[in-house]
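Visitor: sharing a sequence plus its predicted fold:
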Amino acid sequence: QVQLVESGGDLVQAGGSLRLSCVASGNIASINVMGWYRQAPGMQRVLVASIRSDSNTNYANSVKGRFTISRDNAKNTVYLQMNSLKPEDTAVYYCNAELTLETGPWTYRYWGQGTQVTVSS
C-alpha cells in the first residue's frame, strides 16, 4: 500500500509565499517522477511542476519564475515553494508520484488527497 500525504496549504494574501510538502510511504522501490498538479473549481486538473529522480524539472508557464519544485529522495518527499502568489493560483493542489513497488517491476501512479491553497486579493 502506498500513500501520498500533502501538507502546507493555507490562506495567504496576494504576493505571499507558501511551501507545500508531500511524503510518499509504503512498499516503494523507487520513485521516477514526483509532481504537483492543481485543480480550480470547475476546471480540469493541470500540471504545475514535476521533478524526475535525476532532478530534471518541468514547470507550467504560468508558474515559471515564481514556483520551485525540489525533492529529497532519501525521504521520498517533494516540495513546492510558491512565491509571489496570485489569486489565480487558488486551487486544490495534488501531489503525484510515478513509482515502482518492491513487489514487482511495474510502474504505477499515485495521488495524494489534495491540499487547499487560497490566495486573497
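Guide: Alright, I've got the coordinates. This one's a predicted model, so the numbers in the text were calculated from it and none came from an experiment.

Visitor: okay, CA-based contacts and neighbour counts for the rest of this
Guide: OK.

Visitor: and the residue nearest the centre of this protein?
Guide: The structure's the chain has its C-alpha centroid closest to Trp36; by C-alpha atoms, centre = their mean the separation is 2.6 Å.

Visitor: state the pLDDT value of Pro105.
Guide: Per-residue pLDDT puts Pro105 at 86.

Visitor: kindly report the same for Gln1.
Guide: Model confidence at Gln1, given as pLDDT, is 87.

Visitor: and it, how far from Ala24?
Guide: For Gln1, the distance to Ala24 (C-alpha to C-alpha, to the nearest Å) stands at 11 Å.

Visitor: neighbour count for those two, which is higher?
Guide: The neighbour count for Gln1 versus Ala24, taken as other C-alpha atoms under 10 Å, is higher for Ala24 (24 against 7).

Visitor: in which helix or strand does the more buried one reside?
Guide: If you go by DSSP states H and E, Ala24 is part of strand 18-26.

Visitor: okay, buried residues for that strand please.
Guide: By 16 or more other C-alpha atoms under 10 Å, the buried positions in strand 18-26 come out as Leu18, Arg19, Leu20, Ser21, Cys22, Val23, Ala24.

Visitor: show residues contacting the helix or strand following it.
Guide: Next in sequence after strand 18-26, counting helices and strands by DSSP H and E, comes strand 28-39. With contact meaning C-alpha atoms under 8 Å, 6 or more residues apart in numbering, strand 28-39 is reached by 2, 45-53, 76, 78, 80, 91-102.

Visitor: now a ChimeraX select for only the buried ones of those residues.
Guide: In ChimeraX, this line selects whichever of those come out buried by 16+ other C-alpha under 10 Å:
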select :47,48,49,50,51,52,76,78,80,91,92,93,94,95,96,97,98,99,100,101
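
Visitor: take the contacts of strand 28-39 and keep only those in helices.
Guide: Within the contacts of strand 28-39, no residue falls in helices by DSSP state H.
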